[in-house]
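> here is a sequence with its predicted model. Questions after.
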Amino acid sequence: MKEQQKYQDLEQDNDQQRMEYCRMCICEFQRLGYQDAYLAELKSSKQALIEKYTPPQSLDSD
């Protein structure tokens, strides 16, 4: 029983450390301006995919 609790505590510690590391990375990206560049690149890629896979609009003739 104590071993299981010890394992759960260790797992929670690992999760907390992982979250703290992620927060530090996000802060560093923001500080360096990488986040804005990354988001701009994602937007550009998304727009290119939308244009590539959007069927052309057909004009209806009367």
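Received the coordinates, thanks.
> for the top helix by length along the chain, name the packing helices and strands.
In the chain, taking DSSP state H as the definition, the longest helix is helix 2-32. Applying 3 or more Cβ pairs under 8 Å, 6 or more residues apart in numbering; DSSP states H and E, we find helix 2-32 packed against helix 34-53. C-beta: built from backbone N, CA, C; applies to glycine.
> run through the neighbouring helices and strands of the helix it packs on.
When contacts are defined as 3+ Cβ pairs under 8 Å, 6+ apart, helix 34-53 packs onto helix 2-32.
> residues near residue 34, how many?
Residues within reach of residue 34, counting by other Cβ atoms under 10 Å, total 13.
> quick one, what contacts it?
With Cβ atoms under 8 Å, 6 or more residues apart in numbering as the criterion, no residue contacts residue 34.
> before we move on, back to that, now do the longest helix of the chain against helix 34-53, angle only.
If you take axes from the mean of the first three to the mean of the last three Cα atoms, to 10 degrees, helix 2-32 sits at 90 degrees to helix 34-53.
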